[in-house]
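J.: Build the 3D model from these lines:
(chains A and B)
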Amino acid sequence: MEKTIVLRTHTCGELRLENVGESVTVCGWVDSWRDHGGLVFIDLRDRYGLTQVVFNPDEGAEMHELARTLRNEFVIQATGQVVKRPDGMINEDIETGTIDVKATSLELLNKSLTPPFEPGTSDLPNEELRLKHRFVDLRRPTLQKALILRHEITKSIRDYFDENGFLDIETPIMGRSTPEGARDYLVPSRVHEGCFYALPQSPQIFKQILMVAGFDRYMQVARCFRDEDLRADRQPEFTQIDVEMAFVERDDILGVIDGLIARLVKDVRGVNVSLPLPRFTHADVMERFGSDKPDMRFDMELVDVGGIAAECDFGVFKNTIGGGGRVRGLNAKGAAEKYSRKMIDELTAYVGEYGAKGLAFFRVQEGKLDSPIAKFFSEEHQKALIEKLGGEPGDLLFFVADKEAVTSAALANLRNRLGKELELYDPMEINACWVIDFPLVSWNEDEQRWDAEHHPFCYPVNEDIPLLESDPDKVRAQSYDLVCNGYEAGSGSVRIHDPAVQQTVFDLLGISADEAERRFGFLLEALRYGAPPHAGIALGLDRWVMLMCGDDNIRDVIAFPKTQKAADLLSGAPSTVDERQLKELHIKIDVPEET
RNA sequence: GGGGCCGUAGCUCAAUUGGUUAGAGUACCGGACUGUCGAUCCGGGGGUUGCGGGUUCAAGUCCCGUCGGCCUCGCCA
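T.: Numbering: from 1, shown residues only, chains lettered A, B, ... in the order given. So this is what the prediction gives:
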């Protein structure tokens, strides 16, 4: 091979005592500088670490003068000898802290404007500034680690599926709009006047067609787009690990993904996960945790106290039960002294966000309860409550009385908050499980119709198929969510491959044959040509990276994320476009005039 | 679409509850210093208090609107 010009011989993270005496060249960014008039110290940074370069006037006056002009984020190349640091000058904080590079020459590769903030700062600037200057933000070790981890996770996933016979097949980014589900991002067509492509919400239909085509083990690292409002764990543009298999049943998918998660956690954390991952029914977790994505890192399960509530003298409880509602609670172990009245008021406001009109609380004492509303509960009822919740002196009991859905939402979120505040779990733990047997459909009160809980191609549990017409809400779906640390980290189902069953489900969802043909005709057509039984799942890659980082902000694991208003502050997207472009596409803008 | 928090030197924050010249640390500029690593020491420059309006003798502070960021309900098959 031709000898190429090498700008560096080592990175800033690799020099150690055993390199002492070697002549090396390192490149990087000035992380910090200390000018002693004589000696100049530069902490040089690249993505591998920090190395201290020392410039001594005795090694060259010109070089030393140049070194004195170096400022933060300047890009330099330094050549010199690796030397052992004098005794007592070792920096324990950096991995290369036992050595220096004693420079003999210095090349200023590029200057930098004064950066808006320094990558090494401990006082992180607000996120708006970080996003505008993402090229600086991305120099921070935390973000560099996150993106490196993201790479490792993606590689581990690709390797796993490759080793298990899966094919990575790409599906279109420009597709056909299917109006149900999330809002589509649209792309106008120049060639087809007045027509639009849609960016995929997921490759769902294409991967099913791949099954029909015979690619019985498919996977893809697929970019997906949904024009819905953002959250801390939701971006409009995100990445799914998309998987589909033919000639399989539910447990085959679960088994394959069990293996994937074990592999991932082993590769990334070096921790062995015991398999199979626990499985819970939807009904079970809703009752015990009030959520279909419970955080299983800690207990504090919800408890039904409807029986006691119906008998007590506390009107709110009694009337709720009388009105068909529920009274449920949980026990914050040992929290009685940790939560003042003011803090409990905050918790009351917090559960209010989920529709709860109040939050009853009791401090557990020896054989009785202390609370402003304790007087409405007889000694017998107080003891019964304590027993039901496993109360011990010092515990703090909370109760919500409302419609079932409100008690679930309020208590599930209260549970998460208390779990975090009381530090009931290790934030770095990865605790994954399956939630299965979701209902197939749910009643949409606004639209007065049944909506698919997962999607319209999801196979009902076989024994429940007769209930499709009589009791749709009792029909379970052959669907499954992969839940991790309280996040939905994956979701999938066995698909319908039988046109008759598909038609029955469409009927239930109020999708006529005509409409179905118009919307998904190409899938239905494919299913008529020898579709094998098939099933699949999609995992949220961004969320998995976030979980592996122990972070709760999805933007921290995406190189160039968007703000809550779906803007890219770095590039300025979205933006207006030239009139000429619009004209070519026959598009007229009709935005209300500003007043 | 709704609720909440935030916006003051490049950056992180302060400003005695409406009071007279808006401060500190850091960064930046100049100087001193041959073992620092949050270097130190001396000196200096730097402000449309997001923007617009209002109340008031007086507004960073109070009110209204607006823009932007974050959290959240709805939404996300």
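
J.: rest of the way, CA atoms for contacts and neighbours
T.: Fine.

J.: Who are the contact partners of the residue of the stretch 201-350 of chain A found nearest RNA strand B?
T.: Across the stretch 201-350 of chain A, no residue is closer to RNA strand B than A:Ala232, which sits at 3.3 Å (Cα to the nearest atom of the strand). By Cα atoms under 8 Å, 6 or more residues apart in numbering, the contact set of A:Ala232 is A:Asp552, A:Asn553, A:Ile554, A:Arg555.

J.: between those, which is closest to A:Phe215?
T.: Distances from A:Phe215 to the contacts of A:Ala232, taken as Cα to Cα, are shortest for A:Ile554 (32.4 Å).

J.: What's the local residue count around the closest one?
T.: Residues near A:Ile554, counting by other Cα atoms under 10 Å, number 20.

J.: Equivalent analysis for the one 3 residues further on, please.
T.: A count of nearby residues for A:Val557, using other Cα under 10 Å, gives 27.

J.: mind listing what's buried in the top helix by length along chain A?
T.: For chain A, the helix reaching the highest residue count under DSSP state H is reported as helix A:141-163. Of all the residues in helix A:141-163, those buried under the rule 16 or more other Cα atoms under 10 Å are A:141-147, A:149-150, A:152-154, A:156-158, A:160-161.

J.: Can you tell me who A:Ala360 pairs with across the strands?
T.: When assigned by DSSP bridges, A:Ala360 has beta-bridge partners A:Phe399.

J.: Correct me if wrong: it contacts A:Val400.
T.: Yes: judged on Cα atoms under 8 Å, A:Ala360 makes contact with A:Val400 at a distance of 6.4 Å.

J.: quick one, which of those two is more surrounded?
T.: Using other Cα under 10 Å as the criterion, A:Ala360 and A:Val400 rank with A:Val400 on top: 27 against 18.

J.: Wait, that one touches A:Gly358, no?
T.: Yes: if you go by Cα under 8 Å, A:Val400 and A:Gly358 touch, sitting 6.7 Å apart.

J.: which SSE is the closest residue to RNA strand B within the stretch 151-300 of chain A in?
T.: Nearest residue of the stretch 151-300 of chain A to RNA strand B (Cα to the nearest atom of the strand) works out as A:Gly181 at 2.8 Å. Assigned by DSSP states H and E, A:Gly181 falls within no helix or strand.

J.: what's the neighbour count on it?
T.: Neighbours of A:Gly181 (other Cα under 10 Å): 12.

J.: cool, and A:Arg326?
T.: Here the number of neighbours of A:Arg326 (other Cα under 10 Å) works out to 27.

J.: I'd like the average pLDDT over stretch A:493-502.
T.: Per-residue pLDDT values over stretch A:493-502 give a mean of 92.

J.: In CSV, list the C-alpha atoms belonging to that stretch.
T.: Extracted in CSV, the C-alpha atoms of stretch A:493-502 (Å, rounded to 0.1, in the frame of the first residue of the first chain):
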residue,chain,number,x,y,z
SER,A,493,-48.6,-8.9,16.9
VAL,A,494,-49.5,-12.0,14.9
ARG,A,495,-50.9,-10.7,11.7
ILE,A,496,-54.1,-11.8,10.0
HIS,A,497,-53.3,-13.9,6.9
ASP,A,498,-56.9,-15.2,6.4
PRO,A,499,-58.9,-12.8,4.2
ALA,A,500,-62.2,-13.9,5.9
VAL,A,501,-60.9,-13.0,9.4
GLN,A,502,-59.5,-9.8,8.0
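
J.: in it, what counts as buried?
T.: A:Ser493, A:Val494, A:Arg495, A:Ile496, A:His497, A:Asp498, A:Val501, A:Gln502.

J.: How about stretch A:298-309?
T.: Residues of stretch A:298-309 classed as buried by neighbour count (16+ other Cα under 10 Å): A:Phe298, A:Met300, A:Glu301, A:Leu302, A:Val303, A:Asp304, A:Val305, A:Gly306, A:Ile308, A:Ala309.

J.: and which of these is nearest A:Met428?
T.: Minimum distance to A:Met428 across those is 13.1 Å, recorded for A:Phe298 (Cα to Cα).

J.: What residues does that closest one make contact with?
T.: Counted by Cα under 8 Å, 6+ apart, A:Phe298 has contacts A:Gly419, A:Leu424, A:Tyr425.

J.: To which secondary structure element is the residue nearest to A:Tyr487 when sequence neighbours are not counted assigned?
T.: Counting by Cα to Cα, 6 or more residues apart in numbering, A:Lys293 is the residue found nearest to A:Tyr487 once chain neighbours are left out, at 5.9 Å. Using DSSP H and E, A:Lys293 maps to neither a helix nor a strand.

J.: what are the phi and psi angles of A:Lys293?
T.: When read as degrees, to the nearest 10, the backbone of A:Lys293 gives phi -140, psi 60.

J.: Quick check: pLDDT value at it.
T.: 97.

J.: which helices and strands does the helix or strand encompassing A:Lys420 pack with?
T.: Taking DSSP H and E as the definition, A:Lys420 sits inside helix A:404-421. Counting contacts by 3 or more Cα pairs under 8 Å, 6 or more residues apart in numbering; DSSP states H and E, helix A:404-421 is packed against helix A:282-289, strand A:326-332, helix A:341-352, strand A:396-402.

J.: ranking the ones you listed by mean pLDDT, which is last?
T.: Ranked by mean pLDDT, the helices and strands packed on helix A:404-421 bottom out at helix A:341-352, with a mean of 91.

J.: follow-up on the earlier one: separation between the residue of the stretch 201-350 of chain A closest to RNA strand B and A:Val557?
T.: For A:Ala232, the distance to A:Val557 (Cα to Cα, to the nearest Å) stands at 12 Å.

J.: Would you mind naming what in the stretch 151-300 of chain A lies close to RNA strand B?
T.: A:180-183, A:201-202, A:204, A:226, A:228-234 (Cα under 7 Å from any atom of the strand).

J.: Check the gap between the residue of the stretch 201-350 of chain A closest to RNA strand B and A:Gly419 for me.
T.: From A:Ala232 across to A:Gly419, the span is 19 Å (Cα to Cα).

J.: do A:Val191 as well
T.: 56 Å.

J.: Have a look at those two and say which one is more surrounded.
T.: Of the pair A:Val191 and A:Gly419, A:Gly419 is the one with more neighbours under other Cα under 10 Å, namely 18 against 9.

J.: What segments of the stretch 201-350 of chain A are strands?
T.: Counting by DSSP state E, counting those that start in this stretch, the stretch 201-350 of chain A has strands at residues A:217-225, A:237-246, A:279-281, A:303-304, A:326-332.

J.: Pick the most deeply packed of the ones you listed.
T.: Among the strands of the stretch 201-350 of chain A, ranked by average contacts under mean count of other Cα atoms under 10 Å, first place goes to strand A:326-332 (a mean of 26).

J.: A:Arg234 contacts A:Asp552, correct?
T.: No: in this structure A:Arg234 lies outside contact range of A:Asp552 using Cα under 8 Å: 10.7 Å.

J.: if you count what's nearby, which of the two comes out ahead?
T.: When neighbours are counted by other Cα under 10 Å, A:Arg234 and A:Asp552 differ, and A:Arg234 comes out ahead with 19 against 13.
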